[in-house]
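[1] Next input, structure requested:
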Amino acid sequence: MKELRITENDANQRIDKYLKKLLVNAPANFIYKMFRKKDVKVNGKKVDEKYILKNNDLVEMFLYEDKFQEFTAAKNIYQVTRTFKVLYEDKNVLIVYKPVGLLVHEDANESINTLTNQVLSYLAEKNELDLGRENTFMPGPVHRLDRNTSGIVIFGKTLAALQILNEMIKQRHCIEKTYLTICKGKLNQKRNLKGYIVKLEDQAQVKLVDKDYPGALTMETIVKPIKFNDDYSLVEVTLVTGRMHQIRIHLASITHPIIGDRKYGDFELNKCMKRKFGLNNQLLHAYKIKFVKTFGVLDYLQDKEIICLEPELFRKIEKTLF
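    Model prediction:
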């Protein structure tokens, strides 16, 4: 009989989901067979797969230790050089600055040096990670930025915090995210942009479509000018929705593409920016978040605002153009 004591980071989830994460190498039918055979108990009582775990529950499984070792996995933490900066941290939340060129999650070309792995390495160094086989939770980001967009990324350090942050992102109006960018042309008044897009799966790109287009997703972007001249505008952009490449395609759609944007931008202007400043990517920076509506264990973050200053190249280009 294998006994496991449930901690806060494993509580408030269905027991079958917990066991799938715990016994990561076990076939799903093996886990459900344990429930059918009544080989799973909580606090001495047989339960079905829908049981919601509580903190300090004692889970008992009819499972020998060798099988437990076979079905669970050791956790590998990559020792990667830290390039992010901590903007805010407490026991539940870590908010960091992600530099240009760093992926939030792994992709087909990079699986080790990601922001997520850097954060896990940082927390491991602080002895804030449980790397035991019996632990199923690992901290993670609640949203992402494109590789070549710099700025703020939020991580949940506990399961409860991660669940609440994910719900806040899902509800859209709980966390206000604001960006800075420099776009082509004179944009001298506030704009509330609305439109529809679809994702082009084979191109990692989106395109504007009509409302009735199959699979069309709504998008809404608020653009507020800060500085402008006849050639360029420094603008503050607030997301109402959070679609892929939303800011980039929305500004391009009103003939104010972001400088350096290689997918939706002005390619001749981009060449000029590369020669003059060495700019190889869209000049877009996630510079501010505000917790507008909080709940649960994150109530204390109500109205908290985090600001992340623009990177050096952004400031250099801004100073030169304006």
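
[2] residue ranges for the strands of the stretch 151-300 of the chain, please.
    Secondary structure of the stretch 151-300 of the chain (DSSP state E, counting those that start in this stretch): strands at 175-184, 191-200, 205-208, 217-228, 232-239, 284-291.

[3] Which neighbours in the sheet does the second one have, and how are they oriented?
    Same thing as strand 191-200. Using DSSP bridges, strand 191-200 pairs in its sheet with strand 205-208 (antiparallel), strand 217-228 (antiparallel).

[4] Could you export the ones you listed to JSON lines, including columns for mean neighbour count, distance to Thr83 and mean pLDDT?
    (Each C-beta comes from the backbone N, C-alpha and C, glycine too.) Converted to JSON lines, the strands paired with strand 191-200 look like this (neighbours: other Cβ atoms under 10 Å; distance: least, Cβ to Cβ, whole Å; pLDDT from 0 to 100):
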{"stretch": "strand 205-208", "mean neighbour count": "16", "distance to Thr83": "27", "mean pLDDT": "89"}
{"stretch": "strand 217-228", "mean neighbour count": "17", "distance to Thr83": "28", "mean pLDDT": "95"}
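
[5] could the ones you listed be laid out in CSV, adding distance to Phe35?
    Compiled in CSV, these are given as follows (distance: least, Cβ to Cβ, whole Å):
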stretch, distance to Phe35
strand 205-208, 43
strand 217-228, 38
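
[6] Looking at those strands, which is nearest to Lys199?
    Ranking the strands paired with strand 191-200 by proximity to Lys199 (Cβ to Cβ) places strand 205-208 first, at 5.3 Å.

[7] Restricting to C-alpha, output that closest one in PDB.
    Only the C-alpha atoms of strand 205-208 are listed here, as PDB (Å, rounded to 0.1, in the frame of the first residue of the first chain):
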ATOM      1  CA  GLN A 205       0.700  34.100 -38.000                       C
ATOM      2  CA  VAL A 206      -2.800  35.700 -38.000                       C
ATOM      3  CA  LYS A 207      -4.900  37.600 -40.500                       C
ATOM      4  CA  LEU A 208      -7.700  40.000 -40.400                       C
END
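
[8] A helix includes Arg315, no?
    Yes - the assignment for Arg315 (DSSP: H, G, I helix; E, B strand; the rest coil) places it in a helix.

[9] State the distance from it to Ser150.
    Per Cβ to Cβ, to the nearest Å, Arg315 is found 12 Å from Ser150.

[10] who's more crowded, those two?
    A direct count of neighbours by other Cβ atoms under 10 Å for Arg315 and Ser150 places Ser150 higher, at 25 against 12.

[11] is the more buried one in a bridge, and if so with what?
    When assigned by DSSP bridges, Ser150 has beta-bridge partners His285.

[12] Would you enumerate the residues in contact with it?
    Going by Cβ atoms under 8 Å, 6 or more residues apart in numbering, Ser150 touches 97-100, 284-286, 310-311, 314.

[13] Ile307 too?
    287-288.

[14] can we see that at 6 Å?
    Taking Cβ atoms under 6 Å, 6 or more residues apart in numbering, we find Ile307 in contact with Lys288.

[15] What of Gly260?
    Gly260 neighbours (Cβ under 6 Å, 6+ apart): 270, 273, 279, 281-283.

[16] nearest spatial neighbour of it, skipping sequence neighbours?
    Spatial nearest neighbour of Gly260, chain neighbours left out: Leu279 (4.5 Å); criterion: Cβ to Cβ, 6 or more residues apart in numbering.

[17] my guess is that neighbour meets Cys272, correct?
    No - at 9.4 Å, Leu279 does not count as touching Cys272 under the criterion of Cβ atoms under 6 Å.

[18] which of these two has more neighbours?
    For Leu279 versus Cys272, neighbours defined as other Cβ under 10 Å are more numerous around Leu279 (20 against 12).
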